[in-house]
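Trainee: Model the structure of this input:
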Amino acid sequence: MNSYKIFLTALLLVAGLSGLQAQTGNCQAYFTYTYTPWLSQPEESIYAFTDSSTGEDSSTTYSWNFGNGDFAGTKNTGISYEPDDSGFRQVCLTIRNADNGCTSTYCDTIRIDNLCLGARYAYSLQGNTGTFIASICGQYDSIRWDLGDGTIVTGKDTVIHTFAAGADSFNVCMQVFLSAVCEYNYPCHSYQCETIRIYPAGVNDIAQSDEHVKVYPDPASSLISIAGGKLEFPAEIKITDITGKTLLLSQLKFNNQQFDITSLQSGVYFIEIDTGLKQNLVTRFVKL
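Mentor: Numbering: from 1, shown residues only. Take a look at the predicted model:
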């Protein structure tokens, strides 16, 4: 009896070794696996596992344990390991034959390398000043920011930038590069782009664009008309409040078109007109 306990204890101690096999009956669990770099992304490693067991029959069930808290119950399967899974992971397949009671387990240990190169950034805005903070997965050699207004910043993972006062949109991109040859076909560069909307801090931060577009009457209580010599029709129109909240989306089809503003509360509002040109036309009006 003591000898059996010693044997069982020894079996449990070697459970983490590669190629562990345990079985009852004549079936034998076994699997092979492949790493597929052409399918993998900068922040995942995709592995495909193929059942190669023997002694299976129509009653056989399959239970996979991927060593990271994920499981599967199909004959052949796959998994996408994430950067947090990096290290040695023991993958086990257990097969069970309901008809003859045979059970078999096979385990193998694989190494998941954290080879990702992923670019992410978070940002906050205070008026027309933005703070951009990079969060980069993996080693990199250089970093480049394009702030969308002609400003380029390199070598910094935190950038504070003040945009021109007024309402406008900027496409802010961060790129990271790895000069060395990337292993396993991982990309050697990564980027993230976001459209950053800058809203004026006050009514005086944006000038009227009378040569492009005019709103009248201003102030107004119920109806406003929009006209401009350089407008192209049709155009998309958006009315926002001072915080940037969109209150009306519509279409401007002709000069002097009227819009009902009776539902708006008293205050200052901004009109942005998208004519398909490089820069949108922006003006303001006062609701009585």
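Trainee: contacts and neighbour counts: CA atoms only from here.
Mentor: OK.
Trainee: Direction included, what does the helix or strand hosting Gln192 pair against?
Mentor: Here Gln192 is covered by strand 189-198, with elements defined by DSSP states H and E. If you go by DSSP bridges, strand 189-198 pairs up with strand 168-177 (antiparallel).
Trainee: Can I get the strand it pairs with as CSV, trimmed to CA atoms?
Mentor: The C-alpha trace of strand 168-177 is given here as CSV (Å, rounded to 0.1, in the frame of the first residue of the first chain):
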residue,chain,number,x,y,z
ASP,A,168,-11.4,71.6,-35.8
SER,A,169,-10.5,67.9,-36.2
PHE,A,170,-7.0,66.4,-36.3
ASN,A,171,-5.8,62.9,-37.2
VAL,A,172,-3.2,62.1,-34.6
CYS,A,173,-1.0,59.1,-35.4
MET,A,174,1.6,57.3,-33.3
GLN,A,175,4.1,54.9,-34.9
VAL,A,176,6.7,52.7,-33.3
PHE,A,177,9.5,50.9,-35.2
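Trainee: list the contacts for Cys193?
Mentor: Asn171, Val172, Cys173, Met174 (CA atoms under 8 Å, 6 or more residues apart in numbering).
Trainee: pLDDT score for the residue nearest to Thr195 when sequence neighbours are not counted?
Mentor: Using CA to CA, 6 or more residues apart in numbering and skipping the chain neighbours, the partner closest in space to Thr195 is Asn171 (4.4 Å). Listed pLDDT for Asn171 reads 85.
Trainee: Helix or strand: which one has the closest residue to Phe66 other than its chain neighbours?
Mentor: Using CA to CA, 6+ apart and skipping residues adjacent in sequence, the residue nearest Phe66 is Val91, 4.5 Å away. Val91 is part of strand 87-97, with elements assigned from DSSP H and E.
Trainee: gap between that strand and the chain center?
Mentor: Here the centre of strand 87-97 is set off from its chain's centre by 31 Å, with CA atoms, centre = their mean, to the nearest Å.
Trainee: The helix or strand that comes right after that strand to strand 87-97, inter-axis angle?
Mentor: Following strand 87-97 in sequence order, the next helix or strand is strand 103-112 (DSSP H and E). Interaxial angle of strand 103-112 relative to strand 87-97 (axes from the mean of the first three to the mean of the last three CA atoms, to 10 degrees): 160 degrees.
Trainee: Do me a favour and average the pLDDT over the strand holding Gln192.
Mentor: Strand 189-198 shows a mean pLDDT of 78.
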